[in-house]
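S.K.: Return atomic coordinates for the entry below.
(chains A and B)
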Amino acid sequence: MDCQIEAVDLSKWFGEVVALNNVSIQIPSGIIGLLGPNGAGKSTFIKLALGLYKPSKGKILILGEKPRNNPRMLSQLGYCPEMDHFVEEISGYEFLYWLARYSGFDAKEAKRRVLEILDKFKMTEKMYDPIATYSKGMRQRIKLAQAIMHDPSVIFLDEPMNGLDPSAREELFRLINILGSQGKTILFSSHVLHEVERVTDTVILIYNGRILAFGKVREIRDLIQNHPRKVVIKTFEPKKVYNQLSIDPNITSVSFDTDEVTIHTTDPTSTFKYINELIIEDKISILSYRCADEDLQSVFQYLISIHMPKGL
Amino acid sequence: MITSRAKSIYLDLKTSFLHALTITLRRDRFILMSIISVLPVMIPIFVALFSKTLFRENGLEIFVKLCEQVYIHTIAPLLALFLGLIGIREEVDSLTIIYLLTRPVSKFAWVLGRFIAYFLVSAFLMVMGIFFTFTSCVILGSIHFDTTGVSLMLQYMGVGLAGLIAYGAISFSLGTAINHPIIAGVILFFGWEKLANYIPGIADFWTVQKYLDSMFPALATQRYNRAVVSVLGSFQKELYFVSINRALVTIFISTVIFLALSVFSMRYREFTKDRVVGSK
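M.R.: The predicted model follows:
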């Protein structure tokens, strides 16, 4: 395996809070999704990889070298941060121009690269406007532009889809795929599985500062399909609904309140089908139903509960 | 290898300098400091307007007081706070510094480039201010535009520039090393510096003002006319007198130390914190 990023017993804590706990992983080239809920340790991992943080324990190597205070290594890294950090008064052009200069390009080359990347991101028209006047999507595009304009070989994108409208998202998906096809390593963090699925089939699952799994997206999907799901049904007839659903063999528990019924099912697809059939046959009347835990958080908790620390 | 490293540092320094210069010159605080720097010019004008004799008789003393009390003791640390410390702090607080820290730029060159830009801008304001004040004193007062007068002006400009260097280096180290540098800077420059100079003994050795004062031209005796001066304090101050050479060396060494501290902070400090939900 061509290892691009290697973490060995990597830990990072802030005071008493452990942000990353004993992570050991070897990440190959290509597009890799870093998937986890907010606060899971995704950004901490990325910042350690960029050398913005010093590991509290262990080490992290990018292309075989420590990144912290290593200019040679930093010239090969690109980073799109999650948060908006800008000097608001300056223009997008100027922001990118100075970062290009700091990347080691002379004035002429910096200008050429900036104009090229602004054109690629369809920002030419607004490039001399102050960043303060940019929409969320435009700010995101500027952040992405600075991450790739110096042609890095390893790119870290921390929640890059935040704030982008659907067409900008499509454009970004396309761009990530192009960069991936050029042989670049892209670590793409997100808390939304389907976003990651659009660009890669390889993901790292991170939760509570630990790597839970490193594998293919479809295997994660299977876990999501299989793990017991909590469904909340709003109805005026909770007792009737309770009686009808109690006979479904997939439902492991049922409870009801004045206007809602809560169930846990091991096979959500079959259960939803069964509920729909009951509605069509007029056996029950319901106002709405929803999955109360259909998010990554519940999948991660499920993964922890089935004791799967590494590997799928 | 060494040549290529030196060239790279030079290019980083040039970029940092040009970047800091362009940003600083467009800041509102630069305009504010420009106004503050030339405000003392108004004092000789007002004095001349309201008293026909005072300024003619004491013009020299007024110029000396303006240079020492206003420019060197007040405007120099203000320039360091507004153009040095706040400039750095802006990058740290807005977290735009993370873009820089993920660039292959030498931290030494970055700090030095910014420092040179700060120094040139604030030196320009300081020199212009003293020059205009001197000119208005020449026009209205008893100072003559001759070798003695110009020499006096140049000496104060020199001391002012030394003050900008020393206060600037301290501001840079505060801006990069601690979390509330503006409060610390105000306390240090306008609290401790003033207080220590009234305390009899050797506390004033830990102030920039002590060394700047010892570089003042000899005729400016009014600087000893403090509100609180004890016999013991005066005796000790004379006992621990600092020569100009020693003052220059001290300012140079402390500037190097504080700038090195800035570079150290830039290299080893973590400037960003995550939202962590991690376990204890």
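S.K.: hey, let's count contacts and neighbours off CA atoms from now on
M.R.: Noted.
S.K.: residue contacts, the residue of chain B found nearest chain A?
M.R.: Here chain B gets closest to chain A at one residue, B:Pro104, 4.0 Å apart by C-alpha to the nearest C-alpha. Listed by C-alpha atoms under 8 Å, 6 or more residues apart in numbering or on different chains, the contact set of B:Pro104 reads A:Asn70, A:Pro71, A:Arg72, A:Met73, A:Leu74, A:Ser75, A:Tyr102, A:Ser103, A:Gly104.
S.K.: again, only using 6 Å
M.R.: Shown in contact with B:Pro104 (C-alpha atoms under 6 Å, 6 or more residues apart in numbering or on different chains): A:Pro71, A:Leu74, A:Ser75, A:Ser103.
S.K.: among those, which are in strands?
M.R.: In strands, defined here by DSSP state E, there are no members of those.
S.K.: Closest one to A:Gly41 out of those, please.
M.R.: Closest approach to A:Gly41 among the contacts of B:Pro104 (C-alpha to C-alpha): A:Leu74, at 21.6 Å.
S.K.: Need the pLDDT of that closest one.
M.R.: On the pLDDT scale, A:Leu74 is placed at 93.
S.K.: ditto for A:Asp267
M.R.: 78.
S.K.: Skipping its backbone neighbours, what lies nearest it in space?
M.R.: A:Asn250 (5.8 Å; C-alpha to C-alpha, 6 or more residues apart in numbering or on different chains).
S.K.: The one you found: neighbour count?
M.R.: A:Asn250 sits with 17 neighbouring residues when counted by other C-alpha atoms under 10 Å in any protein chain shown.
S.K.: That one is in contact with A:Thr269, isn't it?
M.R.: No: using C-alpha atoms under 6 Å, A:Asn250 is not in contact with A:Thr269; the gap is 9.9 Å.
S.K.: Check which helix or strand the nearest residue to B:Leu164 once chain neighbours are set aside maps to.
M.R.: What sits nearest to B:Leu164 in space, not counting adjacent residues and going by C-alpha to C-alpha, 6+ apart, is B:Ala76, at 5.4 Å. Here B:Ala76 sits within helix B:76-79, counting by DSSP states H and E.
S.K.: Would you mind naming what in the stretch 101-250 of chain B lies close to chain A?
M.R.: Neighbours of chain A within the stretch 101-250 of chain B, by C-alpha under 6 Å from any C-alpha of the partner chain: B:Arg103, B:Pro104.
S.K.: Can you show me the helices along the stretch 101-250 of chain B?
M.R.: For the stretch 101-250 of chain B, the helices defined by DSSP state H, counting those that start in this stretch occupy B:107-140, B:147-177, B:181-186, B:193-196, B:208-213, B:231-239, B:244-268.
S.K.: CSV for those, including mean neighbour count?
M.R.: Converted to CSV, the helices of the stretch 101-250 of chain B look like this (neighbours: other C-alpha atoms under 10 Å in any protein chain shown):
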stretch, mean neighbour count
helix B:107-140, 22
helix B:147-177, 23
helix B:181-186, 17
helix B:193-196, 17
helix B:208-213, 22
helix B:231-239, 13
helix B:244-268, 18
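S.K.: ok, of these, where does mean pLDDT dip lowest?
M.R.: Among these, helix B:231-239 carries the lowest mean pLDDT (a mean of 58).
S.K.: Low-confidence bits of the stretch 201-312 of chain A, can you list those?
M.R.: A:221-228, A:292-312 (pLDDT under 70).
S.K.: all helices for it, in order.
M.R.: So, for the stretch 201-312 of chain A - with DSSP H, counting those that start in this stretch - the helices run A:217-226, A:238-245, A:268-280, A:296-305.
S.K.: Which positions in the longest one come out as buried?
M.R.: Which is helix A:268-280. A:Pro268, A:Thr271, A:Ile275, A:Leu278 (16 or more other C-alpha atoms under 10 Å in any protein chain shown).
S.K.: any chance of these in JSON lines, plus distance to A:Lys12?
M.R.: Listed next are the buried residues of helix A:268-280 as JSON lines, based on distance: C-alpha to C-alpha, whole Å:
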{"residue": "A:Pro268", "distance to A:Lys12": "38"}
{"residue": "A:Thr271", "distance to A:Lys12": "43"}
{"residue": "A:Ile275", "distance to A:Lys12": "47"}
{"residue": "A:Leu278", "distance to A:Lys12": "52"}
